Structure formats: C-alpha cells, structure tokens
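K.L.:
sequence and predicted structure are below.
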Amino acid sequence: MDAITSYIDHMFRSLPQTHEVRRAKSELLEMSEDRYHELRTDGISENEAVGRVITQFGNLEELADGLGIRTEFDGVGDPAVAISAAEAEGYLRTSGRAATLIGSGVLIILAGLAVQILEGGSALGIGLLLVFVAAGVATFITAGMLMGQFSRLEDRVLHLDGATLARFEQQRESEQPRFMAHIVGGVVIIILGAGASAMGYIAETSTALETASSALGPLVIGVGVFLLIRGG
C-alpha cells in the first residue's frame, strides 16, 4: 500500500490544495485501498496487486470528472510527463554518476586546500590550489552536462506505470540502510575533520605535526561531504 499512497501523492502534487482536491485525494486513496485488499484476498501477489491498482486508478485525467476536480485539473499549467521504465532507470543511473562527480569535485577542491596548507601559503601552494580548484570545477561542469539531457523533466510531475513505480519503491526501501550509513558516516567524518583542523589552528606553536593536522582537516571533511552527496 505504501507504493500506492506514494503514487497518489505524486499524482495530486501539482494540483492546488483546495478542499475539493483534498476530498478527491482521500476518496481515491480509499477506493485504491479497497481494490488492493480485494486483489490480495483473491490471492494476487503484493507487487501485482499494486500494479493493477495503479493501472486502474493511476490516470488522473480520466478520473478528474468522476472525482469532481476537472476545473482544478484543467487549471494546472504543465501536465504530467509520462516516462518509460528505461528512461527512469537511465535518470537514476545518470543522477548517481552526477552525484559522484559533484562529491569528487568537492573532495578535489578541499584536497587542494590541504596541499596549500602544507606548502605554508607559498606561491607553489597557491598555484597547486588553483589547479585543484580548476579540476573540481571541471567535474561540476561535467555533472551538469550529464544531467542536462534530462532538463525536460526538471520541475515537472512525472508519471510512471504501476509496476515500475512499485519496483522503484521496493528498491528505495532496500537501499535505505546504505543511505543511512552514508549520511551517518559522512556527518561523523566531517566532525572528525573539523576537530583535526581545530587542533592544528589552536596550537600555540607551529610544528610539522600541527601543520599536518591542519591540512588533514579539509581532506577528511571532503571525504565526509563526498559520502553525504553520494548517499543522497
């Protein structure tokens, strides 16, 4: 049922939140739930039941008259964009690669800062920092170009068939532990990196160990940021 609820929430997302729209959404949820339990009682598997329910109730344009929200539906400027399972999978793969590139870009720039700290602000250190920054920016540009092929989907309501949506919902649930590990690990590593930098900066004397500690901070923080971006 969670997949059906998410799908209906997605269907109504672009509509104005009037009393009639909320009533129609509640009514559709109730009809979908009744149909789902009816199919399950008949021995239909959970995935197939979800797919059948979404196929039956998943086209808001066809249901608008019966739900009494034709005026609200026709008033929406941009209709939902129907995308295939292959296109959805391509988007997810590409967004994953783009996230990796963005996280890598942040890590590269912070690594450049670490090198600059080790060089003690010398001309060589500043030059190396600029090289690292340029490399990081290049990864940002590459990520933007990758996602550019899906620009038509930006800020649009997307429509997936029931079976595909159910599969993606299950995939999201199965990847939840990994997502949490990335988030928690990233936050912990960032805190450790900040601590390393602080220890280097508050030291009363400047030794090689303290300089290394100050330089290590940005690098460790970069690893943490990478995990946060990649995990998200």
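P.N.:
Arrived safely.
K.L.:
domains in this protein, by residue range?
P.N.:
The record's domain split for the chain, according to automatic domain parsing, is 2-79, 82-231.
K.L.:
how about the ones you listed in CSV, adding mean pLDDT and mean neighbour count?
P.N.:
All C-beta spots, glycine's among them, are computed from the backbone N, C-alpha and C. What follows is the domains of the chain, written out as CSV (pLDDT from 0 to 100; neighbours: other CB atoms under 10 Å):
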stretch, mean pLDDT, mean neighbour count
domain 2-79, 79, 16
domain 82-231, 84, 16
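K.L.:
can you list the residue ranges for strands in this structure?
P.N.:
For the chain, strands defined by DSSP state E occupy the ranges 81-82, 158-159.
K.L.:
for residue 40, which of those strands is the nearest?
P.N.:
Between residue 40 and the strands of the chain, the tightest spacing by CB to CB is seen for strand 158-159, at 24.7 Å.
K.L.:
name the residues that touch stretch 135-150?
P.N.:
With contact meaning CB atoms under 8 Å, 6 or more residues apart in numbering, stretch 135-150 is reached by 91, 94-95, 97-99, 101-102, 104-109, 112.
K.L.:
next one: the lengthiest helix in the chain to chain centre, how far?
P.N.:
Looking across the chain with DSSP state H, the single longest helix is helix 85-118. Per CA atoms, centre = their mean, to the nearest Å, the displacement of helix 85-118 from the mean C-alpha position of its chain is 13 Å.
K.L.:
same question, stretch 139-157
P.N.:
13 Å.
K.L.:
could I have the CA atoms of that stretch written out in CSV?
P.N.:
Extracted C-alpha coordinates of stretch 139-157, given in CSV (Å, rounded to 0.1, in the frame of the first residue of the first chain):
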residue,chain,number,x,y,z
THR,A,139,33.8,17.8,-12.5
PHE,A,140,30.9,20.1,-11.6
ILE,A,141,30.5,21.1,-15.3
THR,A,142,30.7,17.5,-16.4
ALA,A,143,27.9,16.6,-13.9
GLY,A,144,25.8,19.5,-15.1
MET,A,145,26.2,18.3,-18.7
LEU,A,146,25.3,14.8,-17.8
MET,A,147,22.0,15.9,-16.1
GLY,A,148,21.3,18.3,-19.0
GLN,A,149,19.9,15.5,-21.1
PHE,A,150,17.0,15.3,-18.5
SER,A,151,16.3,19.0,-18.4
ARG,A,152,12.8,18.5,-19.8
LEU,A,153,11.9,16.6,-16.6
GLU,A,154,13.0,19.4,-14.2
ASP,A,155,10.2,20.8,-12.1
ARG,A,156,7.7,18.6,-13.8
VAL,A,157,5.3,16.0,-12.4
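K.L.:
check contacts around the spatially closest residue to residue 198 that is not a sequence neighbour.
P.N.:
Spatial nearest neighbour of residue 198, excluding adjacent residues (CB to CB, 6 or more residues apart in numbering): residue 217 at 7.6 Å. Residue 217 is in contact with 114, 193-198, 200, counting by CB under 8 Å, 6+ apart.
K.L.:
nearest to residue 226, of these?
P.N.:
Nearest to residue 226 out of the contacts of residue 217 is residue 193 (CB to CB; 11.5 Å).
K.L.:
so the closest one sits against residue 221, correct?
P.N.:
Yes. Here residue 193 reaches residue 221: they are 3.6 Å apart, a contact under CB atoms under 8 Å.
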